[in-house]
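>>> compute the structure for the input listed below.
(one chain, ligands or ions: 1)
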Amino acid sequence: MITKDSYHIIDTLIRQGRSFALWRIPGNETIHFRMQSYGTPDLLGSYTELNGRSGFVIAPFHISDKHPIVLIQPDCMDLPEDILETPQDNIEVFQQAYPEIVSYENEKAHYTACFHAFQQPLLRGIQDKLVLSRAKTNPKSASFSPGKVFFQACERYIYSYVYLCYTPLTGIWMGGTPEILLAGEGNQWQTVALAGTQRLKNGKLPHAWDQKNWQEQQLVATYIRRQLGTLGIVPKEKGPYSARAGELAHLKSDFRFTLPDNQKLGDLINLLHPTPAVCGLPKEDAYQFILQHEGYDRSYYSGFIGWISPSGHTDLYVNLRCMNIHANTYTLFAGGGLLASSKLEEEWNETEDKMNTMRNILE
Ligand SMILES: C=C(O[C@H]1C=CC=C(C(=O)O)[C@@H]1O)C(=O)O
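You can find the predicted model right below:
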């Protein structure tokens, strides 16, 4: 069994440059571990290449040579009980592989400029929704332990999918995300439409939602219905209802369905991802707009992570409420859906609240 005392083994695996993932499903105490000790993870250039494949996948928002889809093909299913540190294990593993993401010195000014740019197509009715996000890089203390932080996140966020993934190409990613992209097995599959955000009220789920949040979530739900429909899938739908994500609440609809061919999960992912919960509508224009105007590289934030197995069980989640850990810093990411009616201060505060999911466990 993996317990929080194993944190130093996890930290050593990172220093040794091993490709591995640890994750915990919402409402479940078991921590899963998979590691590829031989060879290197597969690099894929499209979602459809995931058809028929299994392994732990980490996929970016925008696939590129710098950020391909990375598929860990594990040959080791148990966390080593102990591990021998050698003098070669050192921090260089961080430095060579990935430069840190530099956030803007005056972040609020950059966000404000982006907000106004994003509002143009929304106010003109060219876009119905656009998700604007940002990154914040902070110095990290010398004693920072990714392993310890992972176990803290597991304890604190019982309703979220908590993961830690390291590969030499992606670097260290960790998060506690509430959003399923695709989960299930056999003839029982599930996705969700998750959008709209407010803080918990005295630690409890709020049940009243304003028009903007409803509309934001309805756009995602309609999109999912339509995309599933193109495969002839008519899902059973539940919601929207208020769902908890750390100290925040979202509106959520569940979609349950069977698949015509479980070997074609990549085709379905290609249809769903990126949903308007992280991109926008109409989808393709929103995607291009974000790439051109957001002003930074989302990297693996708002991509997806998780275990994929067409003949076993699949648990893929959208990579939200996450951070990328570097040698001396860590970068937090968060975004929010903008509609024509969005207000700058509210949206900025929402990104702060979302970043607090990871920030709170570092304090
Ligand atoms: C884009 C993020 O959240 C999405 C998921 C739930 C609610 C959202 C919202 O209210 O804007 C976002 O669509 C993020 O956490 O960075």
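
>>> what helix or strand is Cys154 located in?
Element membership for Cys154, per DSSP states H and E: helix 146-156.

>>> contacts for that helix?
The contact list for helix 146-156, computed with Cβ atoms under 8 Å, 6 or more residues apart in numbering, reads 4, 6-11, 14, 22, 24, 31, 160, 162, 164, 166, 172, 174-176, 246, 325, 358, 360-362. Using the backbone N, CA and C atoms, a C-beta is placed for each residue, glycine as well.

>>> what's downstream of it, the next helix or strand?
Sequence order places strand 161-167 as the next helix or strand after helix 146-156, per DSSP H and E.

>>> any part of that following strand near the ligand?
No. Counting by Cβ under 6 Å from any ligand atom, the ligand is not contacted by strand 161-167; separation bottoms out at 12.8 Å.

>>> how long is stretch 121-140 end to end?
Start-to-end span of stretch 121-140 (Cα to Cα, to the nearest Å) is 38 Å.

>>> so where do the strands sit in the stretch 1-150 of the chain?
19-24, 32-36, 42-44, 55-59, 69-72, 129-139 (DSSP state E, counting those that start in this stretch).

>>> in its sheet, what does the shortest one sit against?
Right, the one you point to is strand 42-44. strand 69-72 (antiparallel) (DSSP bridges).

>>> what does the strand it pairs with rub up against?
Contacts of strand 69-72 (Cβ under 8 Å, 6+ apart): 19-21, 34-36, 41-47, 49-50, 53, 55-60, 63, 165, 167, 169-170, 308.

>>> determine how far that strand lies from the middle of the whole chain.
Computed by Cα atoms, centre = their mean, to the nearest Å, the chain-centroid distance of strand 69-72 equals 15 Å.

>>> if I look at the closest residue in space to His110 that isn't next to it in sequence, how far off is the ligand?
Once flanking residues are discounted, His110 sits nearest to Tyr104: 4.0 Å by Cβ to Cβ, 6 or more residues apart in numbering. From Tyr104 across to the ligand, the span is 17 Å (Cβ to the nearest ligand atom, to the nearest Å).

>>> got a list of what Tyr104 touches?
110, 134, 295-296.

>>> next: Ile361.
149, 152-153, 156.

>>> any idea where the helices of the stretch 51-200 of the chain begin and end?
Taking DSSP state H, counting those that start in this stretch to define them, one finds helices in the stretch 51-200 of the chain at 92-97, 107-123, 146-156.

>>> Ser342: which of those helices is closest?
helix 107-123 (7.4 Å; Cβ to Cβ).

>>> what helices or strands is that closest one leaning on?
strand 129-139, helix 283-293, strand 329-338, helix 344-362 (3 or more Cβ pairs under 8 Å, 6 or more residues apart in numbering; DSSP states H and E).

>>> mind doing that once more with 10 Å?
Under the contact definition 3 or more Cβ pairs under 10 Å, 6 or more residues apart in numbering; DSSP states H and E, helix 107-123 sits against strand 129-139, strand 280-281, helix 283-293, strand 329-338, helix 344-362.

>>> follow-up on the earlier one: write a ChimeraX command that selects only the buried members of the contacts of Ile361.
Selecting the buried subset of the contacts of Ile361 in ChimeraX, with 16 or more other Cβ atoms under 10 Å as the burial test, is done by:
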select :149,152,153
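
>>> how about the contacts of Ile361 in CSV, adding distance to Ala334?
Formatted as CSV, the contacts of Ile361 follow (distance: Cβ to Cβ, whole Å):
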residue, distance to Ala334
Val149, 17
Gln152, 19
Ala153, 16
Arg156, 17
